[in-house]
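Undergrad: sequence-free structure coming up:
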């Protein structure tokens, strides 16, 4: 009994999975917050050093015009933008979430990807479907293993039953029982 599951999703190519970026100067970037620089600006400046950052984005246009990468003017531009969604500090660890989006109007944005900065290391967050695919693949693997185990157990029981159902063995057993019965 052989049963294997082949479960795949068709997804767009994910060229950024498994890539990370780290610059040892990250603590120095964070220290500029103490000098009055907004944390969003600090994080986007740091993020702009990575290969994840699109140099054609609206944030870069603002930076080239001597405005900050998190300028309020971004709301009036349309195109690819990066937005700091959240920033948390717990002890020595920091976690920041950056959204890459396409702005179509001042109030309409389409999320394209999420990135997170964990203690200075930048990663791209996995796509939802890749997480679902991994979870389903793992679940199906264990279901498949359970089916194989049940199949093996059933085969063992069938073999044991065939061994005890052998007509020659049954006739020997009944003859032995009849002799024992008659000897009393």
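TA: That came through fine. Being a predicted model, the structure only gives us computed values, none of them experimental.
Undergrad: who touches stretch 64-72?
TA: 38, 40-41, 44-45, 48, 59-60, 62-63, 73, 82-84 (Cβ atoms under 8 Å, 6 or more residues apart in numbering). In short, each C-beta sits where N, CA and C put it, glycine included.
Undergrad: ok, and for the helix or strand containing residue 103, which residues are buried?
TA: Using DSSP states H and E, residue 103 maps to strand 93-105. By neighbour count on 16 or more other Cβ atoms under 10 Å, the buried set for strand 93-105 is 94, 96-101, 103.
Undergrad: what are the pairing partners of that strand, and which direction each?
TA: strand 79-90 (antiparallel), strand 108-118 (antiparallel) (DSSP bridges).
Undergrad: I'd like to check the angle between the longest helix along the chain and strand 108-118, please.
TA: Of all the segments of type helix in the chain, defined by DSSP state H, the longest one is helix 128-164. Helix 128-164 runs at 70 degrees relative to strand 108-118, counting by axes from the mean of the first three to the mean of the last three Cα atoms, to 10 degrees.
Undergrad: Identify each buried residue in helix 128-164, please.
TA: residue 133.
Undergrad: helices or strands up against it?
TA: When contacts are defined as 3 or more Cβ pairs under 8 Å, 6 or more residues apart in numbering; DSSP states H and E, helix 128-164 packs onto no helix or strand at all.
Undergrad: And that helix, how far out from the chain middle?
TA: 25 Å (Cα atoms, centre = their mean, to the nearest Å).
Undergrad: Remind me which helix or strand the closest residue in space to residue 48 that isn't next to it in sequence belongs to.
TA: Nearest residue to residue 48 in three dimensions, chain neighbours excluded: residue 69, at 6.6 Å (Cβ to Cβ, 6 or more residues apart in numbering). In this structure, residue 69 sits in neither a helix nor a strand according to DSSP H and E.
Undergrad: per-residue confidence at the closest residue to residue 98 other than its chain neighbours?
TA: Counting by Cβ to Cβ, 6+ apart, residue 98 lies nearest to residue 115, which is 4.5 Å off, once chain neighbours are set aside. Looking at residue 115, its pLDDT stands at 95.
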